[in-house]
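**Q** What follows is a predicted protein model with its sequence.
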Amino acid sequence: MVDYARRTARVLLLDAADRLLLVRSEFTPDDPRGHGWFTPGGGIDEGEDVLAAAVRELHEEVGLRAAPGELRHVASASGRADLGWANGLFRDDFFLHRVDSHEVDTSGLTAFERTHHSGFRWWTVAELAATDEAVFPGGLADLLPDLIAGRLPDPPVDLTWHH
């Protein structure tokens, strides 16, 4: 088994208009990009299953309750990074969840998350493909058309590591 510096569970949340929800996060002051867009999700707690973490993070970050059986593992990304607070090999696992619509509720954010989260936005595939903004992970605009059409990868695909 790989000893990861950090593992995260993230959710590709698509609505009935085939838009993907991304959360805006502010970078450190020395990062010239300023901010980036990420899928909802975060770290897996000690002893927690990756799917359970995805369900928990979806509720904490955007206020949506989902059952584990409603999420499908569709992608992962891994690579090395030094974030200051963690250094080494990281892995993100991505789960697809579809909803008709959802009113985002950020009241469940932790104090740490509140210092970095600065909004959210529903993105179309065309908007993702055309943006110059930092969107993580890479490859979302290429993956989404298949997911929207109901073609789920088996096994999950590898996306571009973002650090």
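**A** Sure, I can see it. Here the structure is a predicted model, which means the values were calculated and not measured. Numbering: from 1, shown residues only.
**Q** longest helix of the protein?
**A** In the chain, taking DSSP state H as the definition, the longest helix is helix 50-62.
**Q** Please tell me how far the helix or strand just after that one is from the chain's geometric centre.
**A** Moving toward the C-terminus from helix 50-62, the next helix or strand (DSSP states H and E) is strand 72-82. The chain centroid and the centroid of strand 72-82 are separated by 10 Å, computed with Cα atoms, centre = their mean, to the nearest Å.
**Q** Next: stretch 140-157.
**A** Computed by Cα atoms, centre = their mean, the chain-centroid distance of stretch 140-157 equals 15 Å.
**Q** quick one: residue 120 is in a strand?
**A** Yes. Per DSSP: H, G, I helix; E, B strand; the rest coil, residue 120 lies within a strand segment.
**Q** residues near the nearest residue to residue 146 once chain neighbours are set aside, how many?
**A** Of all residues not flanking residue 146 in the chain, residue 153 sits nearest, at 7.1 Å (Cβ to Cβ, 6 or more residues apart in numbering). For glycine as for every other residue, the C-beta is placed from the backbone atoms N, C-alpha and C. Residue 153 is flanked by 15 other residues according to other Cβ atoms under 10 Å.
**Q** can you give me the strands for the chain?
**A** 6-14, 20-26, 35-38, 41-43, 72-82, 87-98, 117-123, 135-136, 157-158 (DSSP state E).
**Q** Tell me which other helices or strands the first one touches.
**A** Of the remaining helices and strands, those touching strand 6-14 by 3 or more Cβ pairs under 8 Å, 6 or more residues apart in numbering; DSSP states H and E are strand 20-26, strand 41-43, helix 50-62, strand 87-98, helix 140-148.
**Q** Nearest approach to residue 2 belongs to which of these?
**A** strand 87-98 (6.6 Å; Cβ to Cβ).
**Q** Can you list the strands that that closest one pairs with?
**A** strand 6-14 (parallel), strand 72-82 (antiparallel) (DSSP bridges).
**Q** OK, contacts around the one residue sitting closest to the centre of the chain?
**A** Centroid-nearest residue in the chain: residue 39, 2.5 Å away (criterion: Cα atoms, centre = their mean). Residues in contact with residue 39 (Cβ atoms under 8 Å, 6 or more residues apart in numbering) are 10, 11, 12, 13, 20, 21, 22, 23, 94, 136, 137, 140.
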